[in-house]
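[1] need a structure here:
(one chain, ligands or ions: 1)
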Amino acid sequence: METSPILVAARAAIDEAVAAAKKTMNGGKGIDDHQVHAERIAYAATEVAAAEALQTYAAERRAAGAGDATLDKMAAAFAGEIAAKLTATIDAHEADFGLPAGVFDKTLRAPAVRDAVRAAQHESALREIGREVIRTRGANNGYIDGDIAEMARDSARQFARKDVAPLAEHIHRHDDLIPDSILGAMRDLGYFGMSVPEQYGGQGMGNLAMIVITEELSCASLAAAGSLITRPEILTKALLKGGTEAQKQQWLPPVAAGELMVGISVTEPDTGSDVASVRCRAERGEQGGEAGFFISGAKAWCTFAGRADVLALLARTNPDVKLGAKGLSLFIVPKPAFDGHEFETKQPGGGTLHGKADRTPGYRGMHSFTLAFDRWFVPAANLIGESAGEGKGFYLQMAGFAAGRLQTGGRASGVAQAALETTATYAAERKQFGKPIGEFQLTQHKLGRMATHLAASRQLTYAAARKMDENESIVLEPSMAKLFACDVAVWVTQEGQLIHGGWGYAEEFAISRYVVDAQVLPIFEGVKPILELKVIARNLLAA
Ligand SMILES: Cc1cc2nc3c(=O)[nH]c(=O)nc-3n(C[C@H](O)[C@H](O)[C@H](O)COP(=O)(O)OP(=O)(O)OC[C@H]3O[C@@H](n4cnc5c(N)ncnc54)[C@H](O)[C@@H]3O)c2cc1C
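    Reported below is the predicted structural model:
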């Protein structure tokens, strides 16, 4: 398969930059002494990987005799854009990059590469892409390998557009809870058990199918459907990795069937990114003759905690804070389900749990709660891994988060897709200065870049999903997909809002919801700077 000279040069440059940073940062151990440069490397490596994923996809379509001129232009334009950016970044920080002599000149600064970069991202190519986006109203009918994934996309699209989209605006504007009609339909479609193996009652459909379904649901609404699968997904992966056989048999079938709604409770009011410092305590004890743990402490930002029947909760089982991550364990904490924005509940043995949702500008429908636990009893059998799982909670949680991040790549692509479609339609219909605004060069150029970035983030996410199907333990690829797709979603929604002008700020227009929904994406499941430094850079630079 042919490779673009631009990407050959970008790959060679970034590989040399990573090799140099490995030395400067001592195999990743010295990242905190070079955070700014580590972030540059993490981001540039992610962009190169995204460009390669899009290029591979376009080349595969050509090889299959189904080449697409617009897709080829997108792949070339995106490669050109990231190569130009990488060239400027290395140029501005040459000493930090520390490339061996001659590498820069022989790769990104080689005259043939510079010419190719200029041609590939010429504004006329992007305007042509933009015109095609307007003509097709931004529709995403790209080929997906695998019949299962294609069928999954079709049926999810039908459900999302017919049953979710009509409710999305009302749920957002009234900050309602996701209605049972959506939960019930998703149950019937088997969406809560997509990553649960068939032996435990799931669909076992694999990561790619899960991503395309998530994308379609998120295109209709990030909060009212697209994010519902993330929670069971995280708990499922943690149980598969560290649960006992009895725990898998007890919890996975009802999770897969959507009989148990799940919340994930890691973050605390004073502890976010520094997960190893979680303070919520789980103390061994006994209630009514049953051995178990008493949970006490505060948790924050626990999404869907009201409606959830169980929380996957990370707590400190060893009071010695010096143990850090090694003192943490992961529990499945049952609780009654509530519909409102606040609840208080008491166990017969006296334990209490209070929850209050924090108001947010977007991502409404699931509600994210601050929780206060006071001697809330959990049976010992609910410690994931039982006694062997004590002290392993951090690692199980991180395994769950890797899957959650992959899924968030799909969520982000769905939100960006929604913004692209509505903006392409608006550009075709809105007239100013006597013609549709989509006939102006700058609008076409903007839509061309939006579609190109989205295509790259989608292919990066699909590539990560395929890789995760082969090896569930990978961390780097899903993290890169999450990082890039979330940034693309933020940027594409904001560009879409500008193209809507003042109406883009009106609640009646869906683009205003997409903007506020997208903004949460780079925050959760590893806020962007932490994802870049502590996950992507650390994995890239590991010796
Ligand atoms: C709507 C919403 C829903 C959420 N849902 C859930 C959920 O269901 N379950 C759950 O457990 N959590 C959830 N979260 C929490 C989310 O995962 C955290 O907000 C996130 O992990 C960041 O933690 P923090 O907010 O405490 O930020 P902090 O950790 O305080 O970080 C803030 C900023 O400080 C800087 N910073 C921190 N440490 C470093 C460092 N070492 N180096 C350089 N810079 C640094 C970075 O700029 C970072 O962005 C949700 C959050 C939101 C907003």
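
[2] Once you drop chain neighbours, what's closest to the residue in the stretch 1-150 of the chain positioned nearest to the ligand?
    The ligand sits closest to Gln35 of the stretch 1-150 of the chain, with a gap of 5.8 Å, by CB to the nearest ligand atom. All C-beta atoms are positioned from the backbone trio N, CA, C, and that covers glycine. Distance criterion CB to CB, 6 or more residues apart in numbering; nearest residue to Gln35, sequence neighbours excluded, is Leu533 at 5.9 Å.

[3] what's around that neighbour, how many residues?
    Per other CB atoms under 10 Å, the neighbour tally for Leu533 reads 21.

[4] State whether it is indeed within a strand.
    No - per DSSP: H, G, I helix; E, B strand; the rest coil, Leu533 lies outside any strand segment and is helix.

[5] Thought Ala38 was touching it, still the case?
    Yes - contact criterion CB atoms under 8 Å: Leu533 and Ala38 qualify, at 5.6 Å.

[6] can you pull the buried residues of the helix or strand where Val415 lies?
    Using DSSP states H and E, Val415 maps to helix 393-429. Neighbour counts using 16 or more other CB atoms under 10 Å place 393-424, 426-428 of helix 393-429 among the buried residues.

[7] quick one on the thing from earlier: any common contacting residues for Leu533 and Ala38?
    Shared contacts of Leu533 and Ala38, defined by CB atoms under 8 Å, 6 or more residues apart in numbering, comprise Ile31.

[8] Name the nearest residue to whichever residue of the stretch 351-500 of the chain sits closest to the ligand, ignoring sequence neighbours.
    At 4.2 Å from the ligand, Ser368 is the closest residue in the stretch 351-500 of the chain, using CB to the nearest ligand atom. With sequence-adjacent residues excluded and distances taken as CB to CB, 6+ apart, Ser368 is closest to Thr303, at 4.4 Å.

[9] what do you get for Arg161?
    Ala220 (6.2 Å).

[10] doesn't His172 make contact with that neighbour?
    No - assessed by CB under 8 Å, Ala220 is found out of contact with His172, at 11.7 Å.

[11] List, one by one, the residues from the stretch 351-500 of the chain near the ligand.
    Along the stretch 351-500 of the chain, the residues adjacent to the ligand under the rule CB under 6 Å from any ligand atom are 360, 363, 368.

[12] What lies in contact with the helix or strand of the chain with the lowest mean pLDDT?
    Ranking every helix and strand in the chain by mean pLDDT, DSSP states H and E puts helix 147-159 at the bottom, with a mean of 90. Contact with helix 147-159 is made by 143-144, 185, 189, 191, 205-206, 208-209, 212-213, 215-217, 219, as judged by CB under 8 Å, 6+ apart.

[13] ok so, going back, contacting residues for the residue nearest to Gln35?
    Applying CB under 8 Å, 6+ apart, the residues near Leu533 are 31-32, 35, 38-39, 42.

[14] Point out where this protein drops to low pLDDT.
    1-3, 543 (pLDDT under 70).

[15] Quick check: the gap between the closest residue to Glu472 other than its chain neighbours and the ligand.
    Leaving out its chain neighbours, the residue that sits closest to Glu472 by CB to CB, 6+ apart is Lys237, at 7.4 Å. Remark: distance between Lys237 and the ligand (CB to the nearest ligand atom, to the nearest Å) = 15 Å.
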